[in-house]
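Colleague: using only what follows, build the 3D model:
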Amino acid sequence: MEFHVITLFPEMFDALEAGLIGRAARQGLITIRSHDLRAHGLGNYRQVDDTPYGGGSGMVMRPEPIAAAIDSVRAEREGLLPILMTPQGEVLDQAMVRELAQYRPGLLLIAGRYEGVDERVRSLVDREVSIGDYVLSGGELAAMVVIEAVARLVPGVVGNPESLSEESFGAGGLLEYPHYTRPEEFRGMRVPEILLSGDHAKIRAWREAEALERTERRRPDLGAARRKR
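Modeller: Numbering: from 1, shown residues only. Next up, the predicted model:
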């Protein structure tokens, strides 16, 4: 699966060379390419922003460089799904991640900056995605979140695919159950005896009950949504 990002700061995506995602890229399971928006800037100074019509603080990203960058990437690689990273978009959740992971050949993520993008840019994309109800300096970190979350669902990226269904927001829609490892006792806190019992049926039932209890306590909104299904 391919991930293409249009950004003013392509070097930020070097961070994805580490860990699971970097290994997946080196194995050829995924491709991550950043495209410098400044290459499509206007004039001698490669301008990509301007003052907003109607007044106001900050600068707004002009539509022409973004449109040119999108056209350039799509001419090189047809079929990519263009997505604008914006606080005004659909909020990313695991259901959306699963949906995006099915898209081939991949995603084209547009990372905005400054006060945002010219409104007409929205006509150039198929989806607008937010990673939460807060504002960042730009869309690069949000694009990395999308890449990380979606890439983990690409076959072969995660070594044990069964672990994906057990994670928080997995197939059951619950938060994940508690995990323990050695030592059996740490600062007076002991590992639950049932996990040391070797009785896999009881362990499975305990984990299901803990996941349900944790979801109802920490994220009652998830519990309510699950009961409606």
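Colleague: quick one, domains of this protein?
Modeller: For the chain, automatic domain parsing gives the domain ranges 2-151, 169-228.
Colleague: show me the longest strand that occurs in the protein.
Modeller: The strand spanning the most residues in the chain, taking DSSP state E as the definition, is strand 81-91.
Colleague: following it, which helix or strand comes up?
Modeller: helix 94-101 (DSSP states H and E).
Colleague: that following helix: which residues count as buried?
Modeller: Of all the residues in helix 94-101, those buried under the rule 16 or more other C-beta atoms under 10 Å are 94, 96-98, 100-101. The C-beta positions use only the backbone N, C-alpha and C, and glycine is treated the same way.
Colleague: cool, stretch 45-53 as well?
Modeller: In terms of neighbour count (16+ other C-beta under 10 Å), stretch 45-53 has its buried residues at 48-49.
Colleague: tell me who's in contact with the residue most central in space within the chain.
Modeller: Closest to where the C-alpha atoms of the chain average out (C-alpha atoms, centre = their mean) is Val146, at 1.8 Å. Residues counted as contacts of Val146 (C-beta atoms under 8 Å, 6 or more residues apart in numbering) are 83, 85, 92, 97, 100, 107, 109, 129, 131.
Colleague: run the angle between the longest strand of the chain and helix 94-101 for me.
Modeller: 180 degrees (axes from the mean of the first three to the mean of the last three C-alpha atoms, to 10 degrees).
Colleague: and strand 81-91, average pLDDT?
Modeller: In this model, strand 81-91 has a mean pLDDT of 97.
Colleague: packing partners of it?
Modeller: strand 106-111, strand 127-130, helix 140-151 (3 or more C-beta pairs under 8 Å, 6 or more residues apart in numbering; DSSP states H and E).
Colleague: need those in CSV (columns: mean pLDDT and distance to Ala209).
Modeller: Output for the helices and strands packed on strand 81-91, formatted as CSV (pLDDT from 0 to 100; distance: least, C-beta to C-beta, whole Å):
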stretch, mean pLDDT, distance to Ala209
strand 106-111, 98, 37
strand 127-130, 98, 34
helix 140-151, 98, 27
